[in-house]
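Asker: This is the structure alone, sequence omitted:
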Ligand code: 5GP
């Protein structure tokens, strides 16, 4: 098993993933974020190249044709894709990569058989999910309804994930995810170099 692995996080919209992702990246200096491509327009606070690579539908479809995505999907009427080169190069280098992708994307990543841990971040209740989506108010009412309908469908994918983290309090969810990553780093196969060294020193 290579030292590097993917941390795939999915959650229904309004699950609080962006804040959580930023906090994790702030605390865990050895984790890199995989910036996706998307055809949706940037939100006010979003920075191109940091949050997403914002591209036209034509450009996106060109990249699909060139096999430049390890996975891609249509979500809420827009295309989203994970750049293949970035993932493959960094996994080779032994990096830990954080992917914030939807349930379809997570399923496709699973089929790639790359070393990965799958985390599903869920709201504490349906009411709370509605409240968070309304509070964010970056989307129109029609868009919010669409996202809620989709959230219902997404919840049924939970069996694809290794861990379910309930985002009741963001600080707790961050701690849970950091603990999962820590445990993942300690997998026997990832520490084999150390144990072999120890055994050779002991003989
Ligand atoms: P948003 O538009 O709110 O940033 O993201 C909408 C959904 O698209 C979220 O569920 C997010 O996880 C997902 N998403 C973002 N990037 C990718 C990607 O590269 N691939 C897939 N499959 N989903 C993505």
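Answerer: Now that the structure is in, tell me what you want to look at. All values reported here derive from a predicted model rather than from experimental measurement. Numbering: from 1, shown residues only.

Asker: Can you tell me the element residue 111 falls in?
Answerer: helix 103-112 (DSSP states H and E).

Asker: touching the ligand at all, that helix?
Answerer: Yes - judged by CB under 6 Å from any ligand atom, helix 103-112 comes into contact with the ligand through 104-105. Placement of C-beta: from N, CA and C, glycine included.

Asker: Could you number the chain from 10 rather than 1 from now on?
Answerer: Taking 10 as the first residue, the last one we looked at is helix 112-121.

Asker: Over to residue 58: give its phi and psi.
Answerer: The phi and psi values for residue 58, taken as degrees, to the nearest 10, are phi 90, psi -20.

Asker: Nearest residue to it in space, please, no chain neighbours.
Answerer: Using CB to CB, 6 or more residues apart in numbering and skipping residues adjacent in sequence, the residue nearest residue 58 is residue 44, 6.7 Å away.

Asker: Contacts only, for residue 108.
Answerer: Applying CB atoms under 8 Å, 6 or more residues apart in numbering, we find residue 108 in contact with 15-18, 43, 91, 114, 118.

Asker: Next step: the residues you listed restricted to strands.
Answerer: Using DSSP state E, the members of the contacts of residue 108 that fall in strands are 15-18, 91.
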